[in-house]
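> Show me how the following folds:
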Amino acid sequence: MPQNLISLAWTDAELAEVDQALTTLETRLEGLASLSNAQVRALNKMGDKSEAFVRQTVNVLAMNPQVLPPSFSLAETQGDLRALDQLRPRLARLRRLTDRADDTTIALGSDLMAASLEGYALLKVSGRNQGLDSLRQDLAARFRKTGAASTPAEEETPSA
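Okay, here's the model as predicted:
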């Protein structure tokens, strides 16, 4: 019996709702940054230890605005911190969802590969006298070795 890690079926209406939800997310989150690898490497990073420093500094600056020059925007800094706090829980939900989608893609691919390998083995055994030899040989291309010329016996042996 073939492996069956997962079975999914969505209606067209359900997929349309998902697509609409994604469109809404893309629209509402269009202000998110898109940085190149070089830009990311060049930026100061705020890790867990640095975050406490950042929060404390913003609080101290808010209590002592007289030390800030006019070119320093405390409101912008506070807005960035607020936006970070708003984005993080939503990003965590999106990551969980994309992790599940990635796992589902792997499970579906594995189910398909297992079923195809089992079906191919059945074709090799049962399909010999049913005019399926040319189709079976086409499928055997998946198992052909690259490099040195392979023998017909090698073409028939799945090495997954």
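> okay, Leu74: pLDDT?
We have a pLDDT of 98 for Leu74.
> For the remainder of this discussion, apply numbering that starts at 56.
Yes, from this point I'll number from 56; that puts the last item at Leu129.
> And stretch 90-103, how far out from the chain middle?
Taking Cα atoms, centre = their mean, to the nearest Å, one finds stretch 90-103 lying 21 Å from the centre of the chain it belongs to.
> which residues sit against it?
Val109 (Cβ atoms under 8 Å, 6 or more residues apart in numbering). In short, each C-beta sits where N, CA and C put it, glycine included.
> What mean pLDDT does it get?
According to the model, stretch 90-103 has a mean pLDDT of 96.
> And stretch 152-171, by the same measure?
pLDDT averaged over stretch 152-171 gives 96.
> which residues in the chain form helices?
67-83, 92-97, 103-118, 129-181, 188-195, 207-211 (DSSP state H).
> Mind putting those into CSV with distance to Gln58?
Conversion of the helices of the chain to CSV gives the following (distance: least, Cβ to Cβ, whole Å):
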stretch, distance to Gln58
helix 67-83, 25
helix 92-97, 38
helix 103-118, 41
helix 129-181, 4
helix 188-195, 19
helix 207-211, 23
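> closest to Ile61 out of the ones you listed?
Closest to Ile61 of the helices of the chain, according to Cβ to Cβ: helix 129-181, at 4.5 Å.
> what residue ranges in this protein score low on pLDDT?
56, 182-185, 202-215 (pLDDT under 70).
> What residue in it is the furthest from its centre?
Gln121 (47.0 Å; Cα atoms, centre = their mean).
> Tell me how far it lies from Gly186.
In this structure, Gln121 and Gly186 are 90 Å apart, going by Cβ to Cβ, to the nearest Å.
> Tell me which of the helices of the chain lies nearest to Pro57.
helix 129-181 (4.2 Å).
> same for the closest one, what does it pack against?
In terms of contacts (3 or more Cβ pairs under 8 Å, 6 or more residues apart in numbering; DSSP states H and E), helix 129-181 is packed against helix 103-118, helix 188-195.
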